[in-house]
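Q: Kindly generate the corresponding structure for this input.
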Amino acid sequence: MLFGSLFHANGAADWPSFGPLTAIKALNKGIPTSKDGRLEPPPVQVSYAEFGWCEQVYHNVTATPAGISHADLNMTSERLTLTGNLTLPYASGNEMGTYYKSYVANSTDRVYNISRMTSMLPNVLSVLLGSTVRNNIYRPDFSRNVQFNLGYALMNSPFDKISTDLAAALTNQIRSVDPGDNYNATTVQGQAVYDETYIRVRWPWMILPLVETALAALLLVASIIATGGMPLWKTSGLAFLVSGGWEEEFGAFLKARKGREKLGKEALEEWGDGVKARLIGGGGRRGEKG
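A: Modelled structure (predicted):
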């Protein structure tokens, strides 16, 4: 056997502890070791967890419109003490029966009445968590007497995480109505001790403006590099010359420079220095060669 687990379901008289879970796992893949010519069984790891009713108190809880903050959440747990049985009168809307067991938290004196309908929970856990694994190959058990077969998953999972997650799942299931099994579950409106104003930065919303700013800065740098050394349009006659109407004069200028250096910005500025322009109405010449 490589792994075995057993949940011992306590009777209602033994509550608030309704059962311990014991698991035995063979180490070294279940291979026996040889010593002095004899085979010795492999070492085993024994794990134990106990489930029962308890009171959980959450400290340093803060809330936002989005929900409860768990950043600095601190939780303490205390086992409840059974004080006796309780029969409540029938009330309209009560779906959990009239027979309850009454528990108390000794440190806070808070009383918890839990329906006897939960008495089936230990038996469910006994069927769910009882298992035996005889080989390291997962083979589902199709026996009609076994409704669940979680042995292989229990063997290959951390026992402390399995027990903690199982307790959390049962707690949420009992606290909730849909989905859940507590038909009487209701939301209690709490009272805030004080309001605190704070700023919450949602970084995903900053992506678009940051990308736009980065692209604009990149475009500005590229423009500065591409136009470096060019004169300002307000101090240069090039803008006026390229606006049209100087084809004849410009053609004569190019003919006069034939055979000289390649035409460039300097040559255009040289030609533009000899141009005098003025604005007139009704069309006509806009400038003249000085």
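Q: what about the strands in the stretch 151-290 of the chain?
A: Residue ranges of the strands in the stretch 151-290 of the chain, as given by DSSP state E, counting those that start in this stretch, are 275-277, 287-289.
Q: looking at those strands, which has the lowest confidence?
A: Of all the strands of the stretch 151-290 of the chain, the minimum mean pLDDT falls on strand 287-289 (a mean of 48).
Q: Tell me where the stretch 151-290 of the chain is predicted with low confidence.
A: Scanning the stretch 151-290 of the chain with the threshold set as pLDDT under 70 gives 180, 186-188, 190, 230-251, 253-290.
Q: That one: helices as residue ranges?
A: 151-155, 159-175, 207-226, 238-241, 247-256, 265-273 (DSSP state H, counting those that start in this stretch).
Q: Mind giving me the packing neighbours of the third one?
A: Spelled out, it's helix 207-226. Helix 207-226 sits against no helix or strand, with contacts defined as 3 or more C-beta pairs under 8 Å, 6 or more residues apart in numbering; DSSP states H and E. All C-beta atoms are positioned from the backbone trio N, CA, C, and that covers glycine.
Q: Near residue 26, how many other residues are there?
A: Residues near residue 26, counting by other C-beta atoms under 10 Å, number 19.
Q: And residue 27, by the same measure?
A: 11.
Q: Roughly how far does it sit from residue 125?
A: According to C-beta to C-beta, to the nearest Å, residue 27 and residue 125 sit 26 Å apart.
Q: cool, residue 170 as well?
A: Counting by C-beta to C-beta - residue 170 and residue 125 are separated by 8 Å.
Q: cool, residue 165 as well?
A: Taken as C-beta to C-beta, the span from residue 165 to residue 125 is 14 Å.
Q: How much space separates the nearest residue to residue 118 once chain neighbours are set aside from residue 214?
A: Using C-beta to C-beta, 6 or more residues apart in numbering and skipping the chain neighbours, the partner closest in space to residue 118 is residue 174 (7.5 Å). Remark: distance between residue 174 and residue 214 (C-beta to C-beta) = 52 Å.
Q: And those two? Which one has more around it.
A: residue 174 (16 against 10).
Q: The more buried one and residue 183 touch, don't they?
A: No - taking contacts as C-beta atoms under 8 Å, residue 174 lies outside contact range of residue 183: 11.1 Å.
Q: wait, what's in contact with residue 103?
A: Residues counted as contacts of residue 103 (C-beta atoms under 8 Å, 6 or more residues apart in numbering) are 16, 53, 80-83, 111-114.
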